[in-house]
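# Pasting the sequence and the predicted model now:
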Amino acid sequence: MTATARRLGLGLGIGALTLAVLAVPTAAANLIGADRTEVNLTGQGGPAKPFRQATLTNFASLPALTWVPGSEPSGSLLGTTPVNGVTAPFADQPVQGFSGVQRNADGTFDVLSDNGFGNKANSSDFVLRIQRIAPNFDSGSVDVLGGVSLTDPNGYVPFALTRPDRVLTGADFDVESMVRAKDGSYWLGDEFGPYLLHFDRAGRLLQAPVPLPGVRAPENPAGQPNLPSSKGFEGMALSPDGRSLYPLLEGTVAGDPAGALRLYQFDLVAGRYTGTWWTYQLDSPNHAIGDAISVDNNRMLVIERDGGEGAGALVKKVYLIDRRDRDRDGKVDKTLVADLLNLANPHNIGGFGPVFRFPFTTIEGLVVLDDRTLGVLNDNNFPSSNGRTPGQPDNNEFITIRLSANLDADKRILP
């Protein structure tokens, strides 16, 4: 274990790769607004406190041209015109698209590779997968330790899949968010349904995809869409007690105010949606969210971003939200805790200057490492995004940032 890893509690042993579980208390707050069930939420977190500029504390990078060893060919539907200097098809599966992250007890991380190459039409040969990685912040590198591919061997998916062997691909689902339940199984949020998908530790689907009542994306085979394409469950948090999921849509449901996103509650014990939802209001209707994770019973961290990259990236922020809606405006309260385009870097970590920018189109991985430290990962949209260096495909970067104040998080979500 490196000195950096010890300081952050990020042990990087790769012997017994165990699956850690977070467990903590229940959630609650008075919900204001039409079409919502009223619930009283109690828990930690007083009035919002100001946060100043956050600081970059570690940087590591996984090269864009990293492949799953001995895997199947991919990228056959991308054409043969080079994209950021990369020409398809590929002999193997790329290790890319990190769109969800879970911390393991041994200091490794499980990360979710999402849809594949950008959409349903071009991703039928991309195998959906949960990768296991270990950042080495001393060397600035990231090791890929293995992972599991997602499958449906028992035939729970009710519609036709791309592959007869029931290995799931980016043409079947667009998985964008991930939590791990008490039993070590995974719940993934999908954008094509949108669906909730429940997998065991080996990546096997455990039940039929759970649809969201009254909401359908254009890719949903049931038809009658009222949600934009690829705007389903981009973020999803697990309640501290492990009893509820909080999936957050990336897009606005037809008929809702512009830029209003629905945050739902799914009861894991009852196996159903509770009928309760909250409104997360984007700063601009042109923005999107990237991830959502729990801080305590009432509060969550949410990434909000614009669609720009590189010099064109203008908004990449981490908000602390409170479902109790203290100002009674019918929306969750938002407090900015980190501007990812304006991180202090006094020690020139990663060879960058005194101000560090995380200028990617999609930033979709967020994890709490201690009460003031967050891990943040980008989805590099291989090979399409070039936010770091024009003309070159983005690497998968893993940074840690130090907030200017404590989150006062429930101690049972902390390592």
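Cool, got the structure. As the structure is a prediction and not an experimental result, all values here were calculated from the model. Residues are numbered from 1 along each chain as shown.

# so S124 makes contact with T169?
Yes. Contact between S124 and T169 holds when scored by Cβ atoms under 8 Å: they sit 5.4 Å apart. C-betas here are computed from N, CA, C, even on glycine.

# which residues are in contact with both of the two?
When contacts are counted by Cβ atoms under 8 Å, 6 or more residues apart in numbering, the set common to S124 and T169 consists of T162.

# Please identify which of those two sits among more neighbours.
T169 (21 against 17; other Cβ atoms under 10 Å).

# residues contacting the closest residue in space to the more buried one that isn't next to it in sequence?
In space, not counting the residues next to it along the chain, T169 is nearest to T162; the distance is 4.7 Å by Cβ to Cβ, 6 or more residues apart in numbering. Taking Cβ under 8 Å, 6+ apart as the definition of contact, the neighbours of T162 are S124, T169, A171, D172.

# Can you get me a residue count around L206?
Other residues near L206 come to 14 when the count uses other Cβ under 10 Å.

# now it: how far from P153?
Relative to P153, L206 is positioned 11 Å away (Cβ to Cβ, to the nearest Å).

# ditto for G251
Applying Cβ to Cβ to G251 and P153 gives a distance of 32 Å.

# what's the distance between the residue nearest to T169 and S123?
Between T162 and S123 the distance is 9 Å, computed by Cβ to Cβ.

# ditto for N220
Relative to S123, and taking Cβ to Cβ, N220 is found at 17 Å.

# Do me a favour and get the backbone dihedrals for A270.
phi -80, psi -20 (degrees, to the nearest 10).

# The one 5 residues further on now?
Backbone torsions for G275, taken as degrees, to the nearest 10, come to phi 90, psi 0.

# What number of residues are in the vicinity of it?
Counted with other Cβ under 10 Å, the neighbours of G275 add up to 13.

# which residues does P225 contact?
Contacts for P225 (Cβ under 8 Å, 6+ apart) come out as R216, A217, P218.

# ranking these by neighbours, who comes first?
In terms of neighbours by other Cβ under 10 Å, the contacts of P225 top out with A217 at 25 neighbours.

# so that residue touches F233, yeah?
No. With the criterion set as Cβ under 8 Å, A217 and F233 do not qualify as a contacting pair; they are 9.9 Å apart.

# Can you give me the first-to-last residue distance of stretch 349-367?
One end of stretch 349-367 to the other measures 20 Å (Cα to Cα, to the nearest Å).

# Go ahead and confirm P390 touches G312.
No. Checked against Cβ under 8 Å, the pair P390 and G312 is beyond contact range at 10.6 Å.

# What segments of the stretch 51-200 of the chain are strands?
For the stretch 51-200 of the chain, the strands identified by DSSP state E, counting those that start in this stretch occupy 55-62, 98-103, 109-113, 129-136, 141-149, 175-180, 186-190, 195-199, in order along the chain.

# strands paired with the second one, and their directions?
Read that as strand 98-103. Within its sheet, and counting by DSSP bridges, strand 98-103 is paired with strand 109-113 (antiparallel).

# what's the angle from the partner strand to strand 175-180?
Counting by axes from the mean of the first three to the mean of the last three Cα atoms, to 10 degrees, strand 109-113 lies at 160 degrees to strand 175-180.

# And strand 109-113, how far out from the chain middle?
Shown here is strand 109-113, whose average C-alpha point lies 9 Å from the average C-alpha point of the whole chain (Cα atoms, centre = their mean, to the nearest Å).

# returning to what we had before: need the overlap of contacts for A217 and F233.
Jointly contacting A217 and F233 under the rule Cβ under 8 Å, 6+ apart are E191, P194.

# Please, where are all the helices along the chain?
Applying DSSP state H to the chain gives helices spanning 3-8.

# Show the low-confidence segments of it, by residue range.
1-48 (pLDDT under 70).

# Distance check, G353 against P221.
Look at G353 and P221: by Cβ to Cβ, they are 50 Å apart.

# In stretch 222-234, which residues are buried?
The neighbour-count check on stretch 222-234 (16 or more other Cβ atoms under 10 Å) flags N226, L227, P228, S230, K231, G232, F233, E234 as buried.

# Quick one: the strands in the stretch 301-415 of the chain, in order.
If DSSP E, counting those that start in this stretch is used as the criterion, the strands of the stretch 301-415 of the chain fall at 316-322, 333-339, 343-344, 355-356, 362-370, 373-379, 396-402.

# so how far is the longest one from its chain's centroid?
For strand 362-370, the distance between its averaged C-alpha position and the chain's averaged C-alpha position is 7 Å (Cα atoms, centre = their mean).

# same for that strand, what does it pack against?
Strand 362-370 makes packing contacts with strand 98-103, strand 288-294, strand 299-305, strand 373-379 when contacts are defined by 3 or more Cβ pairs under 8 Å, 6 or more residues apart in numbering; DSSP states H and E.

# ok, now the first one?
If you count contacts as 3+ Cβ pairs under 8 Å, 6+ apart, strand 316-322 packs onto strand 299-305, strand 333-339.

# Also the third one?
Under the contact criterion of 3+ Cβ pairs under 8 Å, 6+ apart, strand 343-344 touches strand 55-62, strand 355-356.

# switch to 10 Å and redo it
Helices and strands touching strand 343-344, by 3 or more Cβ pairs under 10 Å, 6 or more residues apart in numbering; DSSP states H and E, are strand 55-62, strand 355-356, strand 396-402.

# How many neighbouring residues does P390 have?
As a burial measure, the neighbour count of P390 was computed by other Cβ under 10 Å and equals 10.

# That one reaches P359, doesn't it?
No. The pair formed by P390 and P359 falls short of the contact definition of Cβ atoms under 10 Å, at 11.1 Å.

# Overlap of the contact sets of those two?
Both P390 and P359 are contacted by E309, G310, A311, under the criterion Cβ atoms under 10 Å, 6 or more residues apart in numbering.

# Count the residues that sit near the first one.
I take that to be E309. There are 22 residues near E309, going by other Cβ under 10 Å.

# If you drop the residues flanking it in sequence, what lies closest to it?
Spatial nearest neighbour of E309, chain neighbours left out: G387 (3.5 Å); criterion: Cβ to Cβ, 6+ apart.

# what's the one you found in contact with, if anything?
308-313, 316, 357-363, 378, 380-381, 394, 397.

# make it 7 Å
When contacts are counted by Cβ atoms under 7 Å, 6 or more residues apart in numbering, G387 is found next to E309, G310, A313, P359, F360, T361, D394.

# what does Q96 give?
Counting by Cβ under 7 Å, 6+ apart, Q96 touches S113, N380, F382, N396.
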